[in-house]
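*Asks:* Just the structure for this:
(2 chains)
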Protein chains: 2
Amino acid sequence: MQATSIEWTEIEKTIARKAFDKAYARETSALIEEISSQAGAIKQLEQIWNLHDYLSARRHEIDGKYDYRYSMLVFVFARLVQEGWLQLEELEGLATDKLKKIAALSRM
Amino acid sequence: MQATSIEWTEIEKTIARKAFDKAYARETSALIEEISSQAGAIKQLEQIWNLHDYLSARRHEIDGKYDYRYSMLVFVFARLVQEGWLQLEELEGLATDKLKKIAALSRM
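*Replies:* Numbers count the residues shown, from 1 in each chain, chains lettered A, B, ... in the order given. Take a look at the predicted model:
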């Protein structure tokens, strides 16, 4: 990782924050919808414990993934693009080297 | 705890198993109903994490409470009576000393 990639201008910070929050809102909205419909269909105890296991895993994953440290953001965005929570176009305005790295990492 | 309380006749074992299973079925059915209706009303991420916390606590509590060891059953039944998952009458047929202990402990 070159030094340029961890330097963020004020404009880049604004773009990054907006994209980050957007991805988070999308992923958590999808989770809310999923749980709300899954849970309505619960008829057995085993399904309750499965729901609990699933929530434990998702919580852990989401807590770890949304790491807003400037030194981590390139990796965070690459993962969010890879998983479909963010489009590369939504990061337009970031320095070209960052965008290239995000694009390359997201295809790995 | 006197030795008599941890000796269970075959008839007592049958009564105990039936009562134990009945209480478990009642408590877990109530949990299923509760989660199913709670989860349908989920609109925010915070509610998801609250649900997760609640399930963690209930799972831990239920796992610990339903301990079918003959040395523990008097305490288990006392707690189930205290919490309303079992009626004392449903334990009729157990030795009088056990019933007395269960009744006394359930009022503590």
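*Asks:* What about the nearest residue to A:L94 once chain neighbours are set aside, how many residues nearby?
*Replies:* Distances taken as CB to CB, 6 or more residues apart in numbering or on different chains place A:E12 nearest to A:L94, at 5.3 Å, with adjacent residues excluded. Where you see a C-beta, it was placed from the backbone N, CA and C, and this is true even at glycine. When neighbours are defined as other CB atoms under 10 Å in any protein chain shown, A:E12 has 17 of them.
*Asks:* same check, this time on the one 10 residues further on
*Replies:* Here the count is done by other CB under 10 Å, and A:K22 has 15 residues near it.
*Asks:* could you say what helices and strands the helix or strand containing it packs with?
*Replies:* A:K22 belongs to helix A:10-40 when assigned by DSSP states H and E. Judged by 3 or more CB pairs under 8 Å, 6 or more residues apart in numbering or on different chains; DSSP states H and E, helix A:10-40 is in contact with helix A:45-65, helix A:73-82, helix B:10-40, helix B:45-65.
*Asks:* Nearest to chain B: which residue in chain A?
*Replies:* A:A39 (2.8 Å; CB to the nearest CB).
*Asks:* Quick one, grab the pLDDT at the closest residue to that residue other than its chain neighbours.
*Replies:* In this structure, A:A39 finds its nearest non-sequential neighbour in B:A39, 2.8 Å apart by CB to CB, 6+ apart. At B:A39, the model reports a pLDDT of 78.
*Asks:* do the same with the one 4 residues further on
*Replies:* According to the predicted model, the pLDDT of B:K43 comes to 88.
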